[in-house]
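# Predicted model and sequence follow; I will ask about them next.
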Amino acid sequence: MSLHFSESRFCRAKRGMVLIIVGLLVIFSLNFFQKEVKGFFYLISSPIQRILWRAGDGVSDFFKTISEIKNLKKENEELRFRNQELISQIAQLIELEKENKLLREALEIGLEKEFKLSLAEVISKDISQDSILINKGSKDGITNNLPVIGQQKTLIGKISEVYENFSRVILIFNKESSFDAKISDSENDISGVIKGKGNLQLFLDLVPRGKEIKEGDFVITSSLGGIFPRGLLVGQIGKVLRNDIEPFQQAKIRPAFDIKKLETVFIISDF
Amino acid sequence: MVCRYLIPTDYILNLGAMKKILILIIIFYILALLQTSFLIHFSFFNITPNFILIAVLLLNLLEEPRKNNGIFGAVISGFFWDIFSNRPIGFHILILAGLAILIKIILRRYVQFPVVKRFQI
C-alpha cells in the first residue's frame, strides 16, 4: 500500500516536472518567432481593440466631465484670459512672419522642409503605460527608431518594435527614453536632457545650476542627439528641483499631449 | 522505479479539465483586451489598476488549495500579458506562475479554512 502510494507520488512528481520542463521549452521557444506570434495576436485582436479603445475614451470622457463640472467655470475664465493673450501674440507673430518671409526672399533662403508623415491609429497601450501599439507596420515602410508625433507637432515617442501590420511605440515617459532638448523661451540657450521616469513622469535633467529655468517655459527637442528632429514640442516646465550639492538642476515636465486622448499619431518617416 | 507514462495524458485527455482551461483562456484573453484597450483610460490618482493581476490573485486565493486551475490561469494570463506588452514571451508567465505557486504552497501548508472544509464535506 505504502509502496504503491510512494510510487504514484514519485510518478506524479516526475510527470509534473516533465510537464513544467516541456511547458517552459514551448514558451521560451515562442520567442524565436516572437514577431510572428505577437503579430498574429495583434491582427486578430485589433478590430475588437479599436472598438474598446474608442469606448474607453468615450466613457472616461463622460466621467471626467461629470467630476470636473465644478471647475469648468473657473477654467473657462482662465481660458478666455489666455485666449486674449494668445490673440495678441498671434497678431505680433503674423507681423514677424511677414518680415521673415521678406528677409528670406531677400536672402534667397528657402523654407525648412516639412516632414514626411504617415498617419496611424492607436489600438492599445501597455499595462505599464510606457508603450502603445499602432496599426502601421513593416508593410507600410515603418522601421525602428522613427519618431512619432501628435497632431500639434507634440513629441510622443519612437518606434521600438516593428511587426508586419503593427508597431510598438516607446513613449517619452519610458525609463529607457532619454534625448536632448532645450527651453524655447529662453534668451540664453538652455539645453538639457529629457529623461523618462515611467508612470507618465518626465524630467529635464543636466541643466547647469547657473541657468535660470522658470515654471511654464516650453521645452522643445534639439537636433543634438539626432534621434528626433528639432523643434518638436515636448511639454512645459513644472516644478524646478534645485539642490545645492548637485552640480545640475532638474525640472518636472508637464507633457504636451494627453495619453488618454490619443487616437491618431503621425510617424515621421523622413526628416 | 518505472512509471507507466511520463506525459500526463490523464489530465490532457480529461474533457472536464480541458473545458476549464478553455474557459480560462477565453476569460483571460478578453480581460487582456479590456485591460490594454478599455480600462487603461481609467486611473485613480494616476494609477491604473491591473485587473489581470487582481484576477490571478483572486482565482488562486478563492480556489480550493488542492486544485491547480489557479496555476493554469496564471500561466495563461501571463502569456496574454506578454503578448500585449513589450517584454519577451515568458517574462510575466514566470512571475504570475511563481506567485500562484507561492499562494498555493502557503494555503496548503499554513492556512486552513474550517468553514470551507465543512461545506466541502
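Received it, and whenever you're ready, just let me know what you need.
# C-alpha from now on. contacts and neighbour counts both.
Will do.
# A:I159: what's it in contact with?
Contacts for A:I159 were tallied using C-alpha atoms under 8 Å, 6 or more residues apart in numbering or on different chains; they are A:143-148, A:167-170.
# Buried residues, stretch A:209-219. List them.
With burial defined by 16 or more other C-alpha atoms under 10 Å in any protein chain shown, the residues of stretch A:209-219 counted as buried are A:213-214, A:217-219.
# How many residues are close by B:I106?
By other C-alpha atoms under 10 Å in any protein chain shown, the residues close to B:I106 number 13.
# For B:G73, see how far away it is.
Using C-alpha to C-alpha, to the nearest Å, one obtains 18 Å as the distance from B:I106 to B:G73.
# How about B:L15?
If you measure B:L15 against B:G73 using C-alpha to C-alpha, the figure is 17 Å.
# Tell me where the model's unsure across chain B.
Across chain B, the stretches falling below the confidence threshold (pLDDT under 70) are B:1-13, B:113-121.
# residues in chain B within reach of chain A, list them.
Residues of chain B found near chain A (C-alpha under 8 Å from any C-alpha of the partner chain) are B:1, B:3, B:6-8, B:33-42, B:46-47, B:50, B:83-86, B:88-90.
# Buried among these? Need that as a selection in ChimeraX.
Remark: buried members of the residues of chain B next to chain A, expressed as a ChimeraX selection using 16+ other C-alpha under 10 Å:
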select /B:6,33,34,35,36,37,38,39,40,41,42,83,84,85,86,89,90
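# Narrow the residues of chain B next to chain A to those in strands?
The strands in this structure, assigned by DSSP state E, contain none of these.
# Tell me where chain A has helices.
For chain A, the helices identified by DSSP state H occupy A:2-29, A:34-67, A:72-107, in order along the chain.
# quick one, helices of chain B?
In order along the chain, chain B carries the following helices (DSSP H): B:9-12, B:15-33, B:51-62, B:69-83, B:91-110, B:114-120.
# just these: most buried one?
Ranked by mean neighbour count under mean count of other C-alpha atoms under 10 Å in any protein chain shown, the helices of chain B are led by helix B:69-83, which reaches a mean of 24.
# Contacts for it, please.
If you take C-alpha under 8 Å, 6+ apart as the criterion, helix B:69-83 is touched by A:38, A:41, B:20-21, B:24-25, B:28-29, B:32, B:52, B:56, B:59-60, B:63, B:88-97, B:100-101.
# now do 7 Å
Applying C-alpha atoms under 7 Å, 6 or more residues apart in numbering or on different chains, the external contacts of helix B:69-83 come out as A:38, B:24-25, B:28-29, B:32, B:52, B:56, B:59-60, B:88-93, B:96-97, B:100-101.
# One more: stretch A:40-60?
Contact with stretch A:40-60 is made by A:123-124, A:260-261, B:33-34, B:37-39, B:41-42, as judged by C-alpha under 7 Å, 6+ apart.
# Include distance to A:S160 when you put those residues into TSV, please.
Conversion of the contacts of stretch A:40-60 to TSV gives the following (distance: C-alpha to C-alpha, whole Å):
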residue	distance to A:S160
A:I123	16
A:S124	15
A:K260	20
A:K261	22
B:L33	21
B:L34	23
B:S37	19
B:F38	23
B:L39	24
B:H41	23
B:F42	25
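# Compare the contacts of A:I159 and tell me which is most surrounded.
Tallying neighbours with other C-alpha under 10 Å puts A:V169 at the head of the contacts of A:I159, with 28 neighbours.
# Against B:L33, how distant is the closest residue to it other than its chain neighbours?
Spatially, and ignoring its direct neighbours in sequence, A:V169 is nearest to A:I159 (4.4 Å; C-alpha to C-alpha, 6 or more residues apart in numbering or on different chains). Shown here: A:I159 relative to B:L33, a distance of 22 Å by C-alpha to C-alpha.
# likewise A:I90?
With C-alpha to C-alpha as the criterion, A:I90 and B:L33 are 44 Å apart.
# What of A:S128?
With the distance defined as C-alpha to C-alpha, A:S128 ends up 14 Å from B:L33.
# what does A:I172 give?
In terms of C-alpha to C-alpha, A:I172 sits 24 Å off from B:L33.
# and what of B:A97?
20 Å.
# With A:V18 instead?
Plainly put, A:V18 is 32 Å away from B:L33 if you go by C-alpha to C-alpha.
# what's the answer for A:V240, then?
If you measure A:V240 against B:L33 using C-alpha to C-alpha, the figure is 39 Å.
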